[in-house]
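Colleague: from the sequence below, what's the structure:
(chains A and B)
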Amino acid sequence: MRAVTILLLGLVLALGLAWGERALEVITPLASAAPSFDAPLGRDHLGRDVLARLVVGAWAFVTPGALACGVALGIGVPIGAAAGWFGGLVAAGQRALTASVESVPTLGLVCLGAAIFGPSPQVLGALAGLAWAPRVAEAVRARLESLRQAELVLALEAHGVPPWRVLTHHLLWVGCRGLLLRQALTLFAAVLTLETTLSYLGDLGVAEPTPSWGNMLSFEWGIDGNPWAAAAPALTLWITCVALAWLNEPEARRG
Amino acid sequence: MSLGRGRAGRLAWAALRRALAAVGSVLGATLLLQALVGFAPGDAADLAANDAALRDALSAAWGLDEPLFTRWGRFVLGAAQGELGESLTVRPGASVASLITASGARSAGLALAALALGLGLALPLGFGGARARRLTLILSAAPVFLALYAVMTGLNEGAWALIEAGRIQRPGWFALPDAESGLRWTIGACALAWGSSSLAELQAATAHELGRVRRAPYVLAAQARGEPAWPVALRNLLPPLVEVGASQVAVVLGGLIVVERALQLNGAGDLFWRACSQRDLPLACGLAASAALVVASARLLSDLTRLWLDPRLREAA
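Modeller: You can find the predicted model right below:
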């Protein structure tokens, strides 16, 4: 299931690079045309190919999603590792930071960021990553606190393994990588939701004519003609959200 | 007697510590918001409409020429006195505090209904095992706006087909979301409780707590004595459920922005969206700080309720 999803995502992204021009091509006489060989999901009410827009629209959340994962892990892991390793005041400071950032709803923070810096994938990715970093830090700290009690750590220290090696390899890499993968997947799904939501509501998201699954839906609201033009992004978004949640479940069960 | 006073004192100290932590998290959140405004490219005053004419006045009013901590201190002191400045573009000249109070009152019912509905659904689903888990995961994975889109399209198209066939008269709510009706509010509360995996998260947390309580020695002891286990289980389930509910407050407040915008409901979420899209920074920052206050208060309330309900925590305190 995981391999199929990753393969599909890779295929969609590769096609998205190739179909950039095709997604923007307006053919007015073919407005709201039914599915055909040329456009398998039909055309929207401006005559644009729905499938091409769907495929290109995937880039609207993949770029900020990857950026957000990088920012959240890059900031959250060192903070969480320091809090879990040193404990005491460092851990208290980390918990206070987490409580402060989590007090502001992530969507609110992203909207405010888009208002201040202007809506862009970079702003969305950076702010989502910043908002998520304290959660990563909290998860890493909690895991490290429990792992530090394990006899393995005492044995490693008794065998003279340097502390940095215990922390980076045995605790973070071996002990936390499943947890970090789960955090990254959850964040990626959250960025997908954030991006499509902002683009659906307008003003602070991806603006027409650049495609996003969110603005494709809002663009077809109340338009009669080709029902696939609205159903295709809606179903694709729902299936992607389910797939991401599903991918996360085995990791959740493992811990 | 002295033991009782000592226990009450420890409890009061624990409550005070949690209250101070809540105040700290609100202060931290406001510092984050002020830092965000200060990091704006160029100057936050440049973001406002007609900024050339207003620039000097805005910079002075917002204290943009001052260091971050001075500006933050001024914001916190103003907020403590109920003074959050004036709206710039959404309602020019109107007091931000009064706008927040009026819109917050309209949104509070929707948020509380969504929280209650989410917890009410999560509890029976928590008993459901793996099949209920899979079903909840699949159905609640759709983002809130997509759930709203699907419901509104289904209702509008269905009603239109029946109207055209002459089966029904045009209903009062038709067509969503333009016509004012209670249905919009109900759909909004359901989507908030259901969408963006909110229900799946609540269900997972509830199922985890249920599993823990079911295997707990006090429940097994009650069963061994031949007593019904559910009153014991429910009493021990309440404190973690309160915590789970409080953890969802930030999610629900974020969802309010989507629901009120998509359903054209006039509330704090819609006001926040308009403040951001029209770059009314005093209003947007005021609303975000108010959301932080609500989230921290909910967390504090949950901590205090747990202290009150759970004798083990009281002893530990």
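Colleague: contacts only, for residue 248.
Modeller: Going with chain A. By Cβ atoms under 8 Å, 6 or more residues apart in numbering or on different chains, residue A:248 lies in contact with A:182, A:185, A:186, A:189. Every C-beta, even on glycine, is put in place using the N, C-alpha and C of the backbone.
Colleague: was after chain B, sorry
Modeller: B:115, B:118, B:198, B:201, B:202.
Colleague: okay, and the closest residue to chain A within the stretch 51-200 of chain B sits in which element?
Modeller: Scanning the stretch 51-200 of chain B for proximity to chain A using Cβ to the nearest Cβ identifies residue B:141 as nearest, at 4.0 Å. In this structure, residue B:141 is located outside every helix and strand according to DSSP states H and E.
Colleague: ok, the closest residue to it other than its chain neighbours - contacts?
Modeller: Leaving aside its chain neighbours, residue B:141 sits nearest to residue A:241 (4.0 Å; criterion: Cβ to Cβ, 6 or more residues apart in numbering or on different chains). For residue A:241, the contact set (Cβ under 8 Å, 6+ apart) comprises A:189, A:192, A:193, B:141, B:142, B:143, B:197.
Colleague: okay but the second one is in contact with residue A:240, surely?
Modeller: If I follow you right, that is residue A:192. Yes - using Cβ atoms under 8 Å, residue A:192 is in contact with residue A:240, at 6.6 Å.
Colleague: can you give me the strands for the stretch 201-317 of chain B?
Modeller: Assigned by DSSP state E, counting those that start in this stretch, the stretch 201-317 of chain B shows no strands.
Colleague: residues touching the closest residue to chain B within the stretch 1-150 of chain A, list them.
Modeller: Closest residue of the stretch 1-150 of chain A to chain B, Cβ to the nearest Cβ: residue A:100 (2.7 Å). Taking Cβ under 8 Å, 6+ apart as the criterion, residue A:100 is in contact with B:24, B:25, B:26, B:27, B:28, B:29, B:31, B:32, B:292.
Colleague: what do you get if the cut-off is 6 Å, keeping everything else the same?
Modeller: Residues counted as contacts of residue A:100 (Cβ atoms under 6 Å, 6 or more residues apart in numbering or on different chains) are B:25, B:28, B:29.
Colleague: nearest spatial neighbour of the first one, skipping sequence neighbours?
Modeller: What that stands for is residue B:25. Leaving aside its chain neighbours, residue B:25 sits nearest to residue A:99 (3.9 Å; criterion: Cβ to Cβ, 6+ apart).
Colleague: state the distance from the one you found to residue B:250.
Modeller: Per Cβ to Cβ, to the nearest Å, residue A:99 is found 11 Å from residue B:250.
Colleague: returning to what we had before: please list the members of the contacts of residue A:248 that lie in helices.
Modeller: Among these, the members found in helices (DSSP state H) are A:182, A:185, A:186, A:189.
Colleague: residues from chain A in reach of chain B?
Modeller: By Cβ under 6 Å from any Cβ of the partner chain, the residues of chain A that approach chain B are A:96, A:99-100, A:103-105, A:107-108, A:111-112, A:115-116, A:193, A:197, A:200-201, A:203-204, A:217, A:237-238, A:241-242, A:245.
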